[in-house]
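Enquirer: Mind folding the following:
(one chain, ligands or ions: 1)
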Amino acid sequence: MPRSGSEPKLRGHMEKVVIIGAGCAGWTAALYTARANLKPLVLTGKHPGGLLATTTVVENYPGFPEGVDGFELMKRMQKQAERFGARAKFATVEIADLSSEPFLLTADGETIQCETLIIASGAGHKHLGLPSEHLLENKGVTYCATCDGALPHFRNQPLVVVGGGDSACEEAMYLTRFGSVVYLVHRRDTLRASKIMAERALAHAKIKPIWDSAVTEILDVKQDKVTGVRVKNLKTEAEQIIPCGGVFVAIGHVPNTQIFRGMIDMDEIGYIIPRRGTATNVPGVFVAGDCADRVYRQAVTAAGLGCAAAIDAERYLAARNE
Ligand SMILES: Cc1cc2nc3c(=O)[nH]c(=O)nc-3n(C[C@H](O)[C@H](O)[C@H](O)COP(=O)(O)OP(=O)(O)OC[C@H]3O[C@@H](n4cnc5c(N)ncnc54)[C@H](O)[C@@H]3O)c2cc1C
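Expert: A predicted model of the protein is given here:
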């Protein structure tokens, strides 16, 4: 049933459910829609398995008391969804036309039409942009204290958090449970975080702010692990080295939602704003996972939202076909 009363834009094969994204949210949505016999098509983008596939140990996903390798967990999620008929296509959506039904997606030059769409495109973290940061990622440089803070190699070590917003303060507070001291390196002389978060962080005995400063290098690439950071005071230009066992970069996230701008309601950063459950402002388009979650950003919450989006999409299709 076209929304605008127009004829379908293309003839030919019509997908019932297309899922953009092959992370925890996407594969969970695929599992549920596949078990509902909807044969979902999962467009993986450039990172099949999503963010979790880039990490080694996941210790907080329920059901794995010994922890599980992130790549292995994502492989299992894919296998489980495929067992019930989900299909994966290694393609990145460049254009989405959601102006009327069917929805049209252009992925690697091919046009795909679908009755319902689940957006599970995730969010990337902002990087400092240092070569040493890239080389030491997952070797002491991380972007998620909740995910990695409790790992053994961060315990009883001095740790560095880079950033000055709410996330940076939250990460620093969380890390005080594990680190011997937590240095909060910020470019300005006051925190950007909400007053209550900033006060709480600065009052903590283990948190030491390093004001007006930027990390210019993460040490030590030669040793292939984090041993410290080189920090430059932006006012005096003076440099110092702070020894540490881990660097937590908390300078923000960028949801992968640019292609939906102007069509799907989102906040100023780009996080999609659902209306009811996982429904968006466009009937038939649902959202799940980190691209709509500026608060929790965990594998289990993304998976939970993937399940919810699948159930919402299934009920939407059932209601249309009544
Ligand atoms: C290093 C690291 C360690 C982490 N460790 C943990 C942990 O231990 N525990 C935990 O709970 N959480 C952890 N997280 C967070 C967790 O990975 C995320 O919360 C989770 O991956 C979010 O899932 P998602 O499906 O919403 O998005 P993502 O995993 O980001 O997946 C997004 C998917 O969308 C695809 N995509 C994007 N744009 C397009 C497009 N235009 N077309 C097609 N596809 C597209 C991508 O290729 C990808 O497949 C960690 C994150 C990182 C970075």
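Enquirer: hmm, who's touching stretch 181-192?
Expert: 158-165, 168-169, 172, 175-176, 197-198, 201-202, 204, 206-215, 229, 231, 234, 242, 244 (C-beta atoms under 8 Å, 6 or more residues apart in numbering). The C-beta positions use only the backbone N, C-alpha and C, and glycine is treated the same way.
Enquirer: Pull out the buried residues from those residues.
Expert: With neighbours counted by 16 or more other C-beta atoms under 10 Å, the contacts of stretch 181-192 contain buried members at 158-165, 168-169, 172, 175-176, 197-198, 201-202, 206-211, 213-215, 229, 231, 242, 244.
Enquirer: what residue is smack in the middle of this protein?
Expert: Centroid check for the chain by C-alpha atoms, centre = their mean gives A123 as the closest residue, at 3.7 Å.
Enquirer: quick one: that residue from H47, how far?
Expert: A123 is 12 Å from H47, where distance means C-beta to C-beta, to the nearest Å.
Enquirer: How about C244?
Expert: Distance, C244 to H47, using C-beta to C-beta: 29 Å.
Enquirer: just S121 next, same as before
Expert: When distance is defined by C-beta to C-beta, S121 is 10 Å away from H47.
Enquirer: Narrow the contacts of stretch 181-192 to those in strands?
Expert: Members of those lying in strands (criterion: DSSP state E): 158-162, 207-210, 213-215, 229, 231, 242.
Enquirer: So which residues on the chain come close to the ligand?
Expert: Counting by C-beta under 6 Å from any ligand atom, the chain comes close to the ligand at 20-26, 43-48, 50-52, 54-55, 58, 60, 92-93, 120-122, 142-144, 147, 256, 259, 289-290, 297-300, 302.
Enquirer: Comparing S121 and H47, which residue is more hemmed in?
Expert: S121 (31 against 18; other C-beta atoms under 10 Å).
Enquirer: tell me the contacts of the more buried one?
Expert: Counting by C-beta under 8 Å, 6+ apart, S121 has contacts 20-21, 45, 255-257, 289, 291.
Enquirer: Thank you kindly, that will do.
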